[in-house]
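*Asks:* no sequence on this one, just coordinates:
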């Protein structure tokens with residue numbers, strides 16, 4: 001299979017799995033919000049943020065493990081592959097004990113840190129946090145086995161496991177909340193699904209790579225130094241990314257209250273979920289990009305990078321311009337229930353829609369940087385991306401606090417901090433550095449990607465605003481019709497403005513060939 005065909009297969013697998021995740025989230029989230037209520041759901045959001053921060057304690061070893069497994073498989077050094085895997089497992093086993101102790105401590109401190117969480121939830125939170133902390137350990141162990149699957153570019157198997165685990169978690173969530181088990185039931189569903197994921201990833205890794213050993217555990221000093229050496233920058237980037245992506249919820253609780261955490265979560269949820277589609281582009285292309293960079297194949301590096309950015313623009317413009325324009329009717333139809341207006345009232349719809357609009361705008365600002373982190377990592381400049389992410393995190397935090405507290409913008413101010421930080425730090429800096437690393441002029445990037453994207457985005461925004469004004473979106477049918485009409489108008493714009501001429505001709509030839517075969521089938525008129 002050619003590299004292009006393999007990348008296409010892997011990207012389809014990644015996107016299909018995440019689309020399934022997005023669909024489940026779309027239908028399941030209103031059920032969870034209304035079953036738990038705004039206070040309990042806000043508490044759950046805070047629990048997931050706190051345990052998410054525990055995940056960065058891996059010191060970047062997870063990211064480093066995946067990179068070194070790919071590296072040593074490519075060099076045909078099975079002993080180093082084995083030592084890397086078993087050293088990672090040994091490291092995470094030790095880390096699991098530390099995380100458990102931290103979870104026990106945070107469970108006791110949670111009421112003091114988050115004062116708006118009601119007293120009746122304090123005892124339950126103290127029990128759930130250690131369990132969720134161990135869930136972080138399960139995730140880390142499962143990631144080691146998953147990295148073996150991904151290193152062999154079997155994204156189809158990896159994403160198939162993800163879809164199966166998603167079904168287990170969704171089913172468990174519905175059963176737990178329908179039975180009235182609340183946060184405790186939700187925790188059991190999440191941890192149980194992670195156990196299933198661990199078992200399936202281990203089985204898949206053993207099947208794909210029969211030489212895999214998980215025992216005895218190791219802590220090879222050489223492998224630890226190597227993993228931490230590469231992982232340090234990933235660790236710094238992970239901390240910064242948590243500040244950018246999840247600290248917003250903490251700021252909302254500290255500056256307002258736990259109910260508004262739910263409102264912010266609803267506005268941010270689908271924007272953050274959709275961001276994984278862009279991340280999958282970089283993840284899919286990274287193995288081939290890493291190999292091309294290691295071999296000094298400048299042309300392949302440049303082609304790989306431009307392909308990622310174009311795909312990101314093609315997808316991102318359609319999604320984030322749509323989110324920006326259609327946010328209010330979407331949130332209203334999604335979350336508001338006239339029969340139960342107290343769980344998510346109309347005023348909350350307006351605030352959540354504002355958050356969604358601002359965060360969608362922030363995502364549009366980082367589309368030019370799609371693939372840049374992967375390219376810089378592939379050429380050994382991972383510390384550069386870490387520094388940029390740290391600067392963005394600090395800028396984000398400062399702006400969010402200033403807008404929310406200093407200017408009194410509330411939820412909108414917290415979200416606006418993300419938007420301004422990305423504009424100032426990431427939008428122009430990362431593409432410029434990536435062009436430099438790929439040996440490409442910034443003017444070439446602007447002409448090939450930047451200008452066409454601005455034209456396509458402007459045309460699509462005009463269509464969306466026109467439909468928003470013309471179509472009263474009071475039902476899902478009307479909403480779907482307007483979105484479908486917008487995407488139908490976007491398709492030719494994207495094809496003739498964003499898709500390079502060579503790719504467009506190839507695509508049209510394939511469509512013509514397919515149409516010809518369909519028309520020549522026996523029995524066709």
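*Replies:* It's in. A quick note: this is a predicted structure, and the numbers were derived from the prediction, not measured.

*Asks:* Where does the record place the domain boundaries for the chain?
*Replies:* Under the assignment automatic domain parsing, the domains of the chain span 1-228, 246-440.

*Asks:* Ignoring the adjacent residues along the chain, who's closest to residue 280?
*Replies:* Distances taken as Cβ to Cβ, 6 or more residues apart in numbering place residue 14 nearest to residue 280, at 3.8 Å, with adjacent residues excluded. Glycine gets a C-beta too; all of them are placed from N, C-alpha and C.

*Asks:* That neighbour: neighbour count?
*Replies:* 23 (other Cβ atoms under 10 Å).

*Asks:* Make sure it is actually in contact with residue 155.
*Replies:* Yes - taking contacts as Cβ atoms under 8 Å, residue 14 lies within contact range of residue 155: 5.6 Å.

*Asks:* who touches both of these two?
*Replies:* Any residue near both residue 14 and residue 155 by Cβ atoms under 8 Å, 6 or more residues apart in numbering counts here, and that gives residue 284.

*Asks:* any weak-confidence spans in the stretch 101-250 of the chain?
*Replies:* Judged against pLDDT under 70, the low-scoring parts of the stretch 101-250 of the chain cover residues 229-245.

*Asks:* what ranges do the strands span in it?
*Replies:* Using DSSP state E, counting those that start in this stretch, no strands are found in the stretch 101-250 of the chain.

*Asks:* quick one: the helices in it?
*Replies:* 122-151, 155-178, 182-208, 221-245, 247-255 (DSSP state H, counting those that start in this stretch).

*Asks:* Which SSE is immediately downstream of the last one?
*Replies:* Translated: helix 247-255. Next helix or strand after helix 247-255 toward the C-terminus (DSSP states H and E): helix 258-295.

*Asks:* can you point me to the longest helix in the chain?
*Replies:* For the chain, the helix reaching the highest residue count under DSSP state H is reported as helix 3-54.

*Asks:* so what does that helix touch, helix or strand wise?
*Replies:* Under the contact definition 3 or more Cβ pairs under 8 Å, 6 or more residues apart in numbering; DSSP states H and E, helix 3-54 sits against helix 78-113, helix 122-151, helix 155-178, helix 182-208, helix 247-255, helix 258-295, helix 298-335.

*Asks:* Need those in JSON lines (columns: distance to residue 501).
*Replies:* JSON lines is the format used below for the helices and strands packed on helix 3-54 (distance: least, Cβ to Cβ, whole Å):
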{"stretch": "helix 78-113", "distance to residue 501": "42"}
{"stretch": "helix 122-151", "distance to residue 501": "33"}
{"stretch": "helix 155-178", "distance to residue 501": "29"}
{"stretch": "helix 182-208", "distance to residue 501": "39"}
{"stretch": "helix 247-255", "distance to residue 501": "42"}
{"stretch": "helix 258-295", "distance to residue 501": "21"}
{"stretch": "helix 298-335", "distance to residue 501": "12"}
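
*Asks:* related to what we said a few turns ago, redo the helices of the stretch 101-250 of the chain as CSV? Include mean neighbour count.
*Replies:* Shown next, in CSV, are the helices of the stretch 101-250 of the chain (neighbours: other Cβ atoms under 10 Å):
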stretch, mean neighbour count
helix 122-151, 21
helix 155-178, 19
helix 182-208, 19
helix 221-245, 19
helix 247-255, 21
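
*Asks:* got those as a markdown table, with distance to residue 19 columns?
*Replies:* As requested, the helices of the stretch 101-250 of the chain are arranged in a markdown table below (distance: least, Cβ to Cβ, whole Å):
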| stretch | distance to residue 19 |
| --- | --- |
| helix 122-151 | 19 |
| helix 155-178 | 10 |
| helix 182-208 | 19 |
| helix 221-245 | 21 |
| helix 247-255 | 25 |
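
*Asks:* can you count the residues close to residue 426?
*Replies:* Neighbours around residue 426, by other Cβ under 10 Å: 24.

*Asks:* what's the answer for residue 475, then?
*Replies:* Applying other Cβ under 10 Å, we find 11 residues neighbouring residue 475.

*Asks:* With residue 361 instead?
*Replies:* Residue 361: 20 neighbours (other Cβ under 10 Å).

*Asks:* cool, and the one 4 residues further on?
*Replies:* Applying other Cβ under 10 Å, we find 19 residues neighbouring residue 365.

*Asks:* same question, the one 4 residues further on
*Replies:* Residues within reach of residue 369, counting by other Cβ under 10 Å, total 24.

*Asks:* Just to check, it is in contact with residue 426?
*Replies:* Yes - under the criterion of Cβ under 8 Å, residue 369 is in contact with residue 426, at a separation of 5.5 Å.

*Asks:* Identify the contacts common to these two.
*Replies:* Counting by Cβ under 8 Å, 6+ apart, residue 369 and residue 426 have no contacts in common.

*Asks:* re earlier: which one of the domains of the chain is the most hemmed in?
*Replies:* Neighbour counts averaged per stretch over the domains of the chain are highest for domain 246-440, at a mean of 20; criterion: mean count of other Cβ atoms under 10 Å.

*Asks:* tell me how far the ends of that domain are from each other?
*Replies:* From the first residue to the last, domain 246-440 extends over 34 Å; the measure is Cα to Cα, to the nearest Å.

*Asks:* all helices for the stretch 401-525 of the chain, in order.
*Replies:* 411-425, 429-438, 442-445, 451-470, 476-493, 501-519.

*Asks:* Could you dump the ones you listed into CSV and include distance to residue 254?
*Replies:* As requested, the helices of the stretch 401-525 of the chain are arranged in CSV below (distance: least, Cβ to Cβ, whole Å):
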stretch, distance to residue 254
helix 411-425, 10
helix 429-438, 30
helix 442-445, 40
helix 451-470, 35
helix 476-493, 35
helix 501-519, 48
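
*Asks:* Residue 138 against residue 194, yeah?
*Replies:* Yes - with the criterion set as Cβ under 8 Å, residue 138 and residue 194 qualify as a contacting pair; they are 4.6 Å apart.

*Asks:* Quick one: residues contacting the residue nearest to residue 280.
*Replies:* Contacts here follow Cβ under 8 Å, 6+ apart; on that basis residue 14 touches 155, 159, 280, 283, 284.

*Asks:* Not counting sequence-adjacent ones, nearest residue to the residue nearest the centre of the chain?
*Replies:* When the chain is reduced to its mean C-alpha position, the closest residue under Cα atoms, centre = their mean turns out to be residue 276, at 3.1 Å. The spatially closest residue to residue 276, leaving aside those adjacent along the chain, is residue 18, at 5.1 Å (Cβ to Cβ, 6+ apart).

*Asks:* can you tell me which residues contact the one you found?
*Replies:* 159, 273, 276, 277, 280.

*Asks:* which of those residues lies closest to residue 357?
*Replies:* Sorting the contacts of residue 18 by how near they are to residue 357, with Cβ to Cβ, puts residue 273 at the top with 16.3 Å.

*Asks:* mind listing what that closest one touches?
*Replies:* Counting by Cβ under 8 Å, 6+ apart, residue 273 has contacts 18, 21, 22, 25.
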